[in-house]
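# Structure here, sequence nowhere to be found:
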Ligand code: NDP
C-alpha cells in the first residue's frame, strides 16, 4: 500500500445536551468533503455530569478540538489549559482548540457575526440596538464593542440578565451602553443604525414575531436576526417590508464554523459550500 494513503482521520466534534437539532456536523462535513480533508466531526450528546469524563476521553483520543454548546459553554472553562482573548472577555467558550498538547478555549460566535455583518455594513461609529442578554447577545455585543461602535442599547426581558451583560460590557470594554427593559412593542430610537435580534424569539417551531414597533424600523437601518431555523424570520420579513437592509443568522453560523476549522486544521474553507448545506436543511 502506498505510504501516502492513510485510513486515520483527525477528530473534531461538539459536546452539548440536547444536540439532536444542531446542524454544525453536516455543515462542517460538507466543507471537509469539498476540500478533501482527512477530518471527522462527531456530534456527541454529553450531559453536564459527564462533561469532565467526556473531555478526558476526548483528550486521550487526541482530538484536534471541539465545539461546546448548551449547557457547557461556561462549565468547560474549569477543565481547559487557557483561554483566548474573546473567550476571556465573554467568560464563555464555544470552540476548544488543541495547540501543542494544550486545550485552549476560544469564542468564535461574535467573530462569526461581525464577519457576516461586514457583508452589509461597517460597525465602527454606529448606534446599535441588541435584543437579548444571553450567550449569543454576550458574544455579539462584546465583539461589536471591540469593533468601536458608538453606542449600544441592550433590550432584555429579565433585568438580572440584562444588568449582568451591561456590567460585563462596562467592566471589560470602553463602549457607551445602556439597558432598557422590554415592555410591549419596543420603539427603535431615531438614529439607530443596526438592530440585532439575539433572542430565541422566532426559533422553529415557535415562529413568532419579535415584539418591535414596526413603524420605528426605517429605511437605511440594518436589521439582523441570529435565528437560523428558519433563516427568513417574521422579524426579517417585517424589516424588509419597511425597506431595511436585512441579514439572516446563517452567515454567522457559517463564519464561526469557518473560524473553528481554521483553528483546528489551518485550512481556510469555502463558506459558500457550508451555507448551501444549511439552506438545504432549512428550506
Ligand atoms: P440564551 O438562552 O442564552 O438567551 C436567550 C435570550 O432570549 C435571553 O436574553 C432571553 O431573555 C431571550 N428570550 C427568550 N424568549 C423570550 C421571550 N419570549 N421574550 C423576550 N425575551 C426572550 O440563548 P442564546 O443567547 O445562546 O441563543 C439565542 C438564540 O440565538 C438561539 O435561539 C439561536 O437560535 C441563536 N444563535 C444563533 C447563532 C448563529 O450562529 N446564527 C449562534 C448562537 C445562537 P431573558 O433573559 O429575559 O430570559
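Received it, and whenever you're ready, just let me know what you need. All figures in this text were calculated on a predicted structure; none of them were measured in a lab.
# any residues touching stretch 30-50, and which ones?
With contact meaning Cβ atoms under 8 Å, 6 or more residues apart in numbering, stretch 30-50 is reached by 6, 8-20, 22, 24-25, 28-29, 54, 64, 71-72, 75, 257-258, 261, 264-265, 267, 269-270, 273-274, 276-277. Where C-beta positions appear, they are placed from N, C-alpha and C, glycine not excepted.
# Now, of the residues you listed, which are buried?
By neighbour count, with 16 or more other Cβ atoms under 10 Å, those hold 10-17, 19, 22, 24-25, 28-29, 54, 64, 72, 257-258, 261, 264-265, 269, 273-274, 277 as buried.
# Which members of these occur in strands, if any?
10-16 (DSSP state E).
# just the helices in the stretch 101-250 of the chain please.
All helices of the stretch 101-250 of the chain, identified by DSSP state H, counting those that start in this stretch, fall at 109-117, 135-146, 159-172, 234-241, 250-265.
# need those helices in a markdown table with mean pLDDT, can you?
Converted to a markdown table, the helices of the stretch 101-250 of the chain look like this (pLDDT from 0 to 100):
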| stretch | mean pLDDT |
| --- | --- |
| helix 109-117 | 95 |
| helix 135-146 | 94 |
| helix 159-172 | 96 |
| helix 234-241 | 98 |
| helix 250-265 | 96 |
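# Let me have those helices in TSV, extended by distance to residue 128.
Shown next, in TSV, are these (distance: least, Cβ to Cβ, whole Å):
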stretch	distance to residue 128
helix 109-117	10
helix 135-146	6
helix 159-172	11
helix 234-241	15
helix 250-265	15
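# right, and those helices - which one's nearest residue 228?
Nearest to residue 228 among the helices of the stretch 101-250 of the chain is helix 250-265 (5.4 Å), distances taken as Cβ to Cβ.
# show me what contacts the residue in the stretch 51-200 of the chain that the ligand sits nearest to?
Using Cβ to the nearest ligand atom, the closest approach of the stretch 51-200 of the chain to the ligand is made by residue 134 at 2.0 Å. By Cβ under 8 Å, 6+ apart, the contact list for residue 134 reads 161, 198-200.
# repeat for residue 239
195, 217, 221, 223, 246.
# so what's the residue of the stretch 51-200 of the chain closest to the ligand scoring on pLDDT?
On the pLDDT scale, residue 134 is placed at 91.
# need the residues of the protein near the ligand, please.
109, 112, 132-137, 156-158, 161, 182, 198-201, 203, 226-228, 249, 252-253, 256 (Cβ under 6 Å from any ligand atom).
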